[in-house]
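A.B. asks: the sequence and its predicted three-dimensional model are supplied below.
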Amino acid sequence: MLRRSVGECRVPVEAAAVFVLSHVKAWHAPPQLGLLVATSLARQAHAALSFSASSMDFADAEFSKSSVVRQVWRSQNPGKISDLRLVTEELHPPPHGEIRVVIKAIGLNFADVATCLGLYSAAPKGVYTPGLEFAGIVDAVGEGVDALSVGDRVLGLTRFGAYSSHINIPSKYVRSFPENWSFSEAASFPVQGLTMVYALRELGNVQRGQTVLVHSAAGGCGTFALGICKSLKVHVVATVGSDDKVKHLLEYWGEDFLPPERIIVRGVGAPFKQQLEASLASLRVEGFDCILDAVLGDYFLPAYDKLSRGGRYIVYGASSMMPHGNRPNWLTLAWKYFRRPILDPLKMMGENKNIMAFNLIWMFDKIEKMEQLFQELESYKLPPPFIGHRYPFMQALDALRKFQSGTTKGKVVLEL
Ligand SMILES: NC(=O)c1ccc[n+]([C@@H]2O[C@H](COP(=O)([O-])OP(=O)(O)OC[C@H]3O[C@@H](n4cnc5c(N)ncnc54)[C@H](OP(=O)(O)O)[C@@H]3O)[C@@H](O)[C@H]2O)c1
């Protein structure tokens with residue numbers, strides 16, 4: 001049995017806080033006053049406790065059967081990023097079939113921003129906690145779970161709720177990760193990795209020697225897409241939104257795989273259609289076999305025009321519609337919505353072009369399919385995910401705003 005130390009003193013502080021809070025509640029004090037008193041008393045209680053969490057043992061049966069106090073980012077209603085609040089609450093022991101994970105890192109996704117702004121159709125209505133992926137250490141195992149033990153390092157997928165210090169989750173949604181990966185790297189792996197393997201292989205059926213257009217190539221999904229394409233020996237034309245991302249791409253991938261003439265800064269220097277034509281000419285091909293598009297907007301139709309006959313155009317996001325404020329400007333959004341590209345299926349048939357669209361979140365519960373995608377993704381033996389931006393857990397709002405700005409490279413993570 002693995003014996004590891006927790007390495008921090010949060011448990012006794014929070015246990016004290018819950019004890020005090022429950023008593024403050026009994027006095028019928030206003031909640032803010034209650035919290036203040038509780039925090040202050042908890043600090044004193046903690047100082048008085050000679051108990052050291054570093055001596056705690058994950059193998060302690062009593063510990064794994066008990067509740068913990070967790071911190072979790074929560075909002076009562078999607079609509080504004082600033083409505084997210086850090087809440088302290090009790091988390092019950094994991095029920096049958098579930099494990100509890102002490103979360104060490106959380107991977108951010110564009111969907112988190114869209115969820116907070118109330119623009120994500122797959123998000124829960126009403127009270128929610130953002131977050132689709134995490135990595136951490138198993139610290140309690142519910143009945144009926146045989147394959148995992150306390151102390152195991154796991155990464156996991158969840159339909160929301162990852163912005164938390166601890167999570168209870170069915171064991172089928174977690175898996176191990178390479179020993180030389182950090183928690184942050186592991187938390188950066190599942191969503192964007194699976195999204196790209198699904199897009200490129202399951203839908204795109206991309207083969208060696210083909211040509212693929214990858215939008216937002218310096219971002220989280222983009223980095224996975226390029227990794228998979230490199231592994232498959234597929235030619236890539238990459239687009240980004242700014243010059244500084246070109247420098248990053250050249251340094252990260254090297255010019256052998258991604259020469260400068262195949263990196264497009266969208267909308268700079270020439271109309272997008274001409275930029276695409278120049279890149280295709282450098283490859284001596286007429287069109288793309290596959291296009292990965294999560295930007296849409298003005299870039300859709302020129303790219304569709306350059307799709308080869310029999311080619312596959314995969315739509316999996318609409319980042320050009322992302323508002324940059326604390327809440328959506330509905331007029332701007334409505335304008336973008338009404339200007340969205342619309343295709344005629346009859347014309348598509350005549351052109352022999354395919355369009356596919358998906359949202360991976362609707363497949364989280366298709367365990368066999370997800371397992372197959374995980375195995376394929378792992379088979380590429382990609383380097384650990386590239387992390388461009390790290391934020392402490394307490395600064396989740398700053399991390400979301402940075403992500404929303406569209407200036408990030410690689411993955412954005414929260415660390416605990
Ligand atoms: N369908 C699915 O299952 C699924 C799963 C994961 C992600 N996605 C989608 O895939 C896309 C990439 O996701 P990611 O998590 O890897 O994010 P990311 O690419 O790391 O970051 C988003 C990127 O979108 C681009 N962008 C274009 N217009 C923008 C705007 N108006 N505001 C902000 N950013 C803008 C920016 O890159 P450039 O300017 O350099 O292009 C930005 O860096 C997103 O659209 C996301 O919704 C879909």
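C.D. replies: That came in fine, so what should we check first? Numbering: from 1, shown residues only.

A.B. asks: which stretches of the stretch 201-350 of the chain form helices?
C.D. replies: Using DSSP state H, counting those that start in this stretch, the helices of the stretch 201-350 of the chain run over 220-232, 243-253, 272-283, 300-305, 330-338, 345-351.

A.B. asks: in a markdown table: those, plus distance to Gly410, mean pLDDT and mean neighbour count.
C.D. replies: Using the backbone N, CA and C atoms, a C-beta is placed for each residue, glycine as well. Shown next, in a markdown table, are the helices of the stretch 201-350 of the chain (distance: least, Cβ to Cβ, whole Å; pLDDT from 0 to 100; neighbours: other Cβ atoms under 10 Å):
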| stretch | distance to Gly410 | mean pLDDT | mean neighbour count |
| --- | --- | --- | --- |
| helix 220-232 | 6 | 98 | 24 |
| helix 243-253 | 8 | 97 | 16 |
| helix 272-283 | 23 | 96 | 17 |
| helix 300-305 | 23 | 96 | 18 |
| helix 330-338 | 27 | 92 | 11 |
| helix 345-351 | 35 | 92 | 10 |
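
A.B. asks: which residues touch the residue most central in space within the chain?
C.D. replies: Nearest residue to the geometric centre of the chain (Cα atoms, centre = their mean): Asn109, 3.4 Å. Listed by Cβ atoms under 8 Å, 6 or more residues apart in numbering, the contact set of Asn109 reads 132-133, 191-192, 220.

A.B. asks: find me the pLDDT at it, would you?
C.D. replies: pLDDT, Asn109: 97.

A.B. asks: select, out of the helices of the stretch 201-350 of the chain, the one closest to the ligand.
C.D. replies: Closest approach to the ligand among the helices of the stretch 201-350 of the chain (Cβ to the nearest ligand atom): helix 220-232, 3.2 Å.

A.B. asks: how far does the closest one sit from its chain's centre?
C.D. replies: 16 Å (Cα atoms, centre = their mean, to the nearest Å).

A.B. asks: same for that helix, what does it pack against?
C.D. replies: Applying 3 or more Cβ pairs under 8 Å, 6 or more residues apart in numbering; DSSP states H and E, we find helix 220-232 packed against helix 190-197, strand 211-214, strand 235-240, helix 243-253, strand 411-415.

A.B. asks: same thing but at 6 Å, please
C.D. replies: Packing contacts for helix 220-232, counted by 3 or more Cβ pairs under 6 Å, 6 or more residues apart in numbering; DSSP states H and E, involve helix 190-197, strand 211-214.

A.B. asks: get me the contact residues on the protein for the ligand.
C.D. replies: Within the chain, the positions near the ligand by Cβ under 6 Å from any ligand atom are 109-111, 191-192, 195, 215-216, 218-222, 240-241, 245, 294-295, 316-317, 319-320, 322, 358-360, 406, 408.

A.B. asks: strands of the stretch 1-150 of the chain, start to end?
C.D. replies: 68-74, 85-91, 98-107, 133-141 (DSSP state E, counting those that start in this stretch).

A.B. asks: now the longest one - C-alpha only, PDB.
C.D. replies: Extracted C-alpha coordinates of strand 98-107, given in PDB (Å, rounded to 0.1, in the frame of the first residue of the first chain):
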ATOM      1  CA  GLU A  98     -16.600   6.500  -6.800                       C
ATOM      2  CA  ILE A  99     -13.200   7.800  -5.500                       C
ATOM      3  CA  ARG A 100     -12.300  11.100  -3.900                       C
ATOM      4  CA  VAL A 101      -9.400  13.000  -5.500                       C
ATOM      5  CA  VAL A 102      -7.300  15.700  -3.900                       C
ATOM      6  CA  ILE A 103      -7.000  18.000  -6.900                       C
ATOM      7  CA  LYS A 104      -3.600  19.400  -7.700                       C
ATOM      8  CA  ALA A 105      -4.200  21.000 -11.000                       C
ATOM      9  CA  ILE A 106      -7.200  21.900 -13.200                       C
ATOM     10  CA  GLY A 107      -7.000  22.300 -17.000                       C
END
